[in-house]
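Undergrad: Sequence and predicted structure, then a few things I'm wondering about:
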Amino acid sequence: MRQTWRWFGPKDLVSIDDVREAGAEGVVTALHHLPPGQVWSRDEIARRKDEVARRRDGRASGLTWDVVESLPVSEAVKTAAPDRAAHIAAWTDSLRNLAAEGIEVVCYNFMPVLDWTRTDLAYEVASGATCMRFDLIDFAAFDLFVLERPGAGDDYDAGLRAAAKARADAMDAEAREAIARNIVFGLPGAADNFTLPDVRARLNDYAAIGADELRANLIDFLSQVAPVAEELGLRLCCHPDDPPFPLLGLPRIMSTESDYARVMQAVPERASGITLCTGSLGARPDNDLPGMIDRLGDRVHFLHLRNVTRESDAIRGSFYEAEHLGGDTDMVAVIAATLREERRRRDAGRPDASIPFRPDHGQDILDDKTRKAQPGYPAIGRLKGLAELRGVIAGLGHAGGGQ
């Protein structure tokens, strides 16, 4: 398992020097300054590779750009808008340029409108650490009484509507603005300048698109880009829905094992694969994560290892981001399954036997609270997570685990 670390570029408050000191072997990054639908040029890619490869003082970092996260899929592609073909062409041109620069793994997602959704970006847990949290009542309060989405009432039962009404009534203007800001932080490019009308307009683009239509759009997209990736020796990996259940009336199509199996069957190229995120998928109690790796591992090209604590047994419920070994997912079993998959690949002579992973998210601890890096991406909290995961890997390897 290859240890990687997500880095948001030169503006990231966690520097390449920090990444190197944390012990990561590779970097997961993207050209975040380029909008969806624009070609990533070789010059831009090479510039980012150079930024990864150098410390502040100009010395070599010893790090390489191992995984792209993310090459964004535009809303035009997801909704099959008229300019979709041009956006797919730009995406495939970007793949060619990435391959030419030696990058092999490309993570993306197919979530409508929001890349991820949380109601609190600094929820305090018993230890005093802070983390991201999704509170279903807070979310319903936002949906029903702040966003005032048409038809939202049909998505919640009477008890949840009543609880949301009480929660909304207790919010002052500042609290309403804060929850809206937290939720829309997952709207790409809109965290600093969003408006509620902007959100309503984006939701309206999906008014006539259900899960079947969105899945068909994904399969059509992959049927065009996966053969290109296969030819170039690239591995594409789709990130699951976060959280893995419907929100804001939007369809969700990558939330369960069966969702992934349908798409993998429809697009048989091995280049089209999975980013298995234990945090996103683990927010549902019905997802068997070690079993998913055993059954779908042939197509798992990238791992996000993080943990969540679910606050109910419901499919759609509240949860918060736990310590990497402390939530509801059996991380030891997940890593053991991954080591089994890697052994199968080595036995088959596959060149991709070592699966890249990163310590996804992390709780803000110690000096993280003053650094105030990207939500979910603290330096010390992720360092702790990487150390814990590295310990599990070493222990299982020493004991012959994952047999």
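TA: That came in fine, so what should we check first? Numbering: from 1, shown residues only.
Undergrad: Could you use CA atoms for every contact and neighbour count after this?
TA: Fine.
Undergrad: Each with direction, which strands does the host helix or strand of A122 pair with?
TA: Per DSSP states H and E, A122 falls inside strand 120-124. Applying DSSP bridges, strand 120-124 is found paired with strand 130-134 (antiparallel).
Undergrad: next structured bit after the partner strand?
TA: Later in the chain than strand 130-134, the nearest helix or strand by DSSP H and E is helix 136-141.
Undergrad: right, and the helix or strand after that following helix?
TA: helix 158-169.
Undergrad: Put the alpha carbons of that following helix into CSV.
TA: Presented in CSV, the C-alpha positions along helix 158-169 are these (Å, rounded to 0.1, in the frame of the first residue of the first chain):
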residue,chain,number,x,y,z
ALA,A,158,-43.5,14.3,10.2
GLY,A,159,-41.2,13.8,13.2
LEU,A,160,-38.1,15.0,11.4
ARG,A,161,-40.0,18.0,10.0
ALA,A,162,-41.1,19.0,13.5
ALA,A,163,-37.6,18.6,14.9
ALA,A,164,-36.2,20.7,12.0
LYS,A,165,-38.8,23.4,12.6
ALA,A,166,-37.8,23.7,16.2
ARG,A,167,-34.2,23.8,15.3
ALA,A,168,-34.7,26.5,12.7
ASP,A,169,-36.9,28.5,15.1
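Undergrad: for the record, mean pLDDT for the strand holding A122?
TA: For strand 120-124, the mean pLDDT works out to 96.
Undergrad: Show me what it is in contact with.
TA: 130-135, 179, 182, 320, 375-376 (CA atoms under 8 Å, 6 or more residues apart in numbering).
Undergrad: The residue lying farthest from the centre of the chain and A162, how far apart?
TA: Within the chain, the residue lying farthest from the chain centre (CA atoms, centre = their mean) is D169, at 32.8 Å. In this view, D169 and A162 are 11 Å apart by CA to CA, to the nearest Å.
Undergrad: Mutual contacts of the two, please.
TA: With CA under 8 Å, 6+ apart, D169 and A162 have no common neighbours.
Undergrad: related to what we said a few turns ago, want to throw the contacts of strand 120-124 into a markdown table with pLDDT, neighbour count and distance to R390?
TA: Output for the contacts of strand 120-124, formatted as a markdown table (pLDDT from 0 to 100; neighbours: other CA atoms under 10 Å; distance: CA to CA, whole Å):
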| residue | pLDDT | neighbour count | distance to R390 |
| --- | --- | --- | --- |
| T130 | 97 | 24 | 23 |
| C131 | 97 | 25 | 22 |
| M132 | 97 | 25 | 23 |
| R133 | 97 | 21 | 25 |
| F134 | 97 | 23 | 28 |
| D135 | 97 | 17 | 31 |
| I179 | 93 | 21 | 35 |
| N182 | 91 | 19 | 32 |
| Y320 | 98 | 25 | 23 |
| P375 | 91 | 17 | 23 |
| G376 | 93 | 20 | 20 |
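Undergrad: Which one of the residues you listed is nearest to P82?
TA: Nearest to P82 out of these is N182 (CA to CA; 31.6 Å).
Undergrad: and that closest one, what element?
TA: helix 173-184.
Undergrad: Can I get that helix in CSV? Just the C-alpha atoms.
TA: This file holds the C-alpha atoms of helix 173-184, laid out as CSV (Å, rounded to 0.1, in the frame of the first residue of the first chain):
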residue,chain,number,x,y,z
ALA,A,173,-29.6,35.1,11.4
GLU,A,174,-26.0,34.4,12.1
ALA,A,175,-26.7,30.7,12.8
ARG,A,176,-28.7,30.4,9.6
GLU,A,177,-25.9,32.0,7.6
ALA,A,178,-23.3,29.7,9.2
ILE,A,179,-25.2,26.5,8.4
ALA,A,180,-25.8,27.6,4.8
ARG,A,181,-22.1,28.4,4.5
ASN,A,182,-21.1,25.0,5.9
ILE,A,183,-23.4,23.1,3.6
VAL,A,184,-22.5,25.0,0.5
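Undergrad: packing partners for the next helix-or-strand element following it?
TA: For helix 173-184, the following helix or strand on the C-terminal side (DSSP H and E) is helix 196-204. Using 3 or more CA pairs under 8 Å, 6 or more residues apart in numbering; DSSP states H and E as the contact definition, helix 196-204 packs against no other helix or strand.
Undergrad: Give me the distance between W116 and W7.
TA: For W116, the distance to W7 - CA to CA - is 18 Å.
Undergrad: Let me know the angle separating the strand holding A122 from helix 173-184.
TA: Calculated by axes from the mean of the first three to the mean of the last three CA atoms, to 10 degrees, strand 120-124 forms an angle of 110 degrees with helix 173-184.
Undergrad: how far is stretch 159-168 from where the chain is centred?
TA: 29 Å (CA atoms, centre = their mean, to the nearest Å).
Undergrad: Ends of stretch 323-332, what's the gap?
TA: 13 Å.
Undergrad: again with stretch 343-351
TA: 12 Å.
Undergrad: so what's the residue nearest the centre of the chain up against?
TA: With distances taken as CA atoms, centre = their mean, H239 lies nearest the centre of the chain, 5.5 Å away. Listed by CA under 8 Å, 6+ apart, the contact partners of H239 are 107-110, 254, 274-277.
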